[in-house]
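Visitor: Got a predicted structure plus its sequence, pasted below:
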Amino acid sequence: MTLPDDLKYTKEHEWCRVKGNRAIIGITDHAQSSLGDIVYVELPEVGDLVKKGESFGVVESTKAVSELFAPVSGKVVEVNDPLSDAPETINEDPYEEGWMIQVEVSDEKELAELLDAAAYGKFIEEEQA
Amino acid sequence: MPLRTPLYDQHVQQGGRMVEFAGWEMPVQYAGILAEHEAVRTRVGLFDVSHMGEVVFRGPGALEAVQRLFTNDLSKCADGQAQYGCLCRESGGIVDDVVVYRRSAEDLLVCVNAGNRQKDFEWLRDHAAAGVPVENESDAWAQLALQGPKAAEVLQPLTGTRLSSVGTFRFVAGEVAGVPATIARTGYTGEDGFELFCRPDQAVRLWTALLQAGEAAGIAPCGLGARDSLRLEMAYRLYGSDMDDETTPLEAGLAWVVKLDKGEFIGRDALKRQKEQGVSRKLVGFVLTDAGIARHGYPVLQDGRPVGAVTSGTRSPTLGTSIGLAYVPPALAAEGSTFAVEIRGRPAAAKVVKTPFHDRRKP
């Protein structure tokens, strides 16, 4: 299970890579592995607003539907469109090619509420215990 | 506390991801559902289906007793042959869908769904003709399913039984890797394959021998996830999802296993009436022509109004399309009919298609 140090995490198993006032968002290695083969993804469109803690899309495995929850609020400025034809990319490379959306962060204070890699790692352990 | 099959330790050791299903702790997947699905379609896969139940009718009158409880016609089933059909209530509602293995007219094994073990046993016992012993042998059998185009090639070296002489839906008593087993050419995947019944304390030996023998052929241990996507591509019904006590075989598209003229059986009168009057809903196979995946319980819409419901749905790994089964009004049941499936509040277009979705003769 990889947990890059330079990312921020949520308890809903999303990650967030912050660059200036932009946040790149995806789901964690732990999340993709728990879901199993991802066969469908539904993402917002550029220009849509997402709100911290609220659903911004879904991923579906062969068996189940899982909602995606926004780690921060803001406007969607980029969407990883190739995922709709190749959702398995999320399984194969969750932190790079498998990114989902880029958001212009509207409230930078929200970033401070995210978990760092150590805290998220501990959270997963506790969740599995 | 969920139940465990005799192969539980094998599943855990071999990396199976364990989940609870119908009261059982079973592997939903090993390497991954898609990889396992593909292994079964192109090579061979091995499933633990020991959670399935077995109810046995033995003695004089056994055949007649099962005939009165079963919608299909076992007089057309030879000794050593198996037959699919339903157990119905007086109302025509389905108690379970089962496979009856006719060893002889005085010895029949009814293979029932895991979640219905107790319900079916009680139903069968309470409705069997007086004097016919009905035994719940569910705990006395383990069951492995070896499925895929290379199943016979993998199994043959392990048994003295000539597999080419065991036709589809036929079975024989034999030995596999030194384990006494019933070798049945049956399955739930749409591929050629075998279901092997053996004693629970010999299941590990059989499992291990099959995996070893299948190595060169690229065998994959498979979980319930692939079992579900494989059966759905064939439009095989799943009890509890596609049908239950409130649905009849005629509604569920199983008229082909209801033999109204075979003589008396429980549910016949209701089914006869329903056939004459016509059903008010039918289970159909559909594909989504819009993006998305239909799931159990999603509403079927016509002109924006709910008129039915999806009972099973997935992305078909073989076809790459979104497939499903749904109850719809008869007016929407013909091939080519269109309706919408409501997915998270939005309608997605769907079209009724011929089933099975996957045709193994035309890969």
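Guide: Looks like it arrived, so ask away.
Visitor: Look up the pLDDT of residue 29 for me, please.
Guide: Using chain A here. Looking at residue A:29, its pLDDT is 96.
Visitor: that's the other chain; I wanted chain B
Guide: pLDDT, read off for residue B:29, is 96.
Visitor: Pretty sure residue B:229 is one of the things it touches, is it not?
Guide: No: in this structure, residue B:29 is not within contact of residue B:229 by Cβ atoms under 8 Å, at 10.5 Å. All C-beta spots, glycine's among them, are computed from the backbone N, C-alpha and C.
Visitor: Just the strands from the stretch 201-350 of chain B, written as ranges.
Guide: B:220-222, B:282-288, B:299-302, B:305-315, B:322-328, B:338-343, B:346-353 (DSSP state E, counting those that start in this stretch).
Visitor: Now tabulate those strands in JSON lines and tack on mean neighbour count.
Guide: Listed next are those as JSON lines, based on neighbours: other Cβ atoms under 10 Å in any protein chain shown:
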{"stretch": "strand B:220-222", "mean neighbour count": "25"}
{"stretch": "strand B:282-288", "mean neighbour count": "23"}
{"stretch": "strand B:299-302", "mean neighbour count": "19"}
{"stretch": "strand B:305-315", "mean neighbour count": "20"}
{"stretch": "strand B:322-328", "mean neighbour count": "26"}
{"stretch": "strand B:338-343", "mean neighbour count": "20"}
{"stretch": "strand B:346-353", "mean neighbour count": "18"}
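Visitor: how about these, which one is nearest chain A?
Guide: Relative to chain A, the nearest member of the strands of the stretch 201-350 of chain B by Cβ to the nearest Cβ is strand B:305-315, separated by 4.1 Å.
Visitor: So in that sheet, which strands flank the closest one, and in what orientation?
Guide: Sheet pairing for strand B:305-315, assigned by DSSP bridges, gives strand B:299-302 (antiparallel), strand B:322-328 (antiparallel).
Visitor: which outside residues touch the longest one?
Guide: The set of residues external to strand B:322-328 that reach it, using Cβ atoms under 8 Å, 6 or more residues apart in numbering or on different chains, is A:40, B:232-233, B:235, B:237, B:242, B:247, B:251, B:281-288, B:291-294, B:300, B:307-316, B:337, B:339, B:341, B:350, B:352, B:357.
Visitor: just the shortest one next, same as before
Guide: The set of residues that contact strand B:299-302 without belonging to it, under Cβ under 8 Å, 6+ apart, is B:306-310, B:326-329, B:332, B:339-342, B:347, B:350.
Visitor: Swap in 7 Å and give it another go.
Guide: B:306-310, B:326, B:328, B:332, B:339-342, B:347 (Cβ atoms under 7 Å, 6 or more residues apart in numbering or on different chains).
Visitor: Closest one of the residues you listed to residue B:125?
Guide: Using Cβ to Cβ, residue B:309 is the member of these that lies nearest residue B:125, at 33.1 Å.
Visitor: in chain A, which spans are strands?
Guide: Ranges of strands in chain A, per DSSP state E, are A:8-9, A:14-19, A:22-27, A:38-42, A:49-50, A:55-61, A:65-69, A:74-79, A:101-105.
Visitor: Could you export the top helix by length along chain A as CSV, CA atoms only?
Guide: The helix spanning the most residues in chain A, taking DSSP state H as the definition, is helix A:117-128. Presented in CSV, the C-alpha positions along helix A:117-128 are these (Å, rounded to 0.1, in the frame of the first residue of the first chain):
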residue,chain,number,x,y,z
ALA,A,117,0.3,10.5,5.1
ALA,A,118,1.1,9.4,8.6
ALA,A,119,-2.3,10.3,10.0
TYR,A,120,-4.1,8.7,7.1
GLY,A,121,-2.0,5.6,7.4
LYS,A,122,-2.9,5.3,11.0
PHE,A,123,-6.6,5.9,10.2
ILE,A,124,-6.6,2.9,7.7
GLU,A,125,-5.0,0.7,10.3
GLU,A,126,-7.6,1.6,12.9
GLU,A,127,-10.4,1.2,10.4
GLN,A,128,-9.2,-2.3,9.5
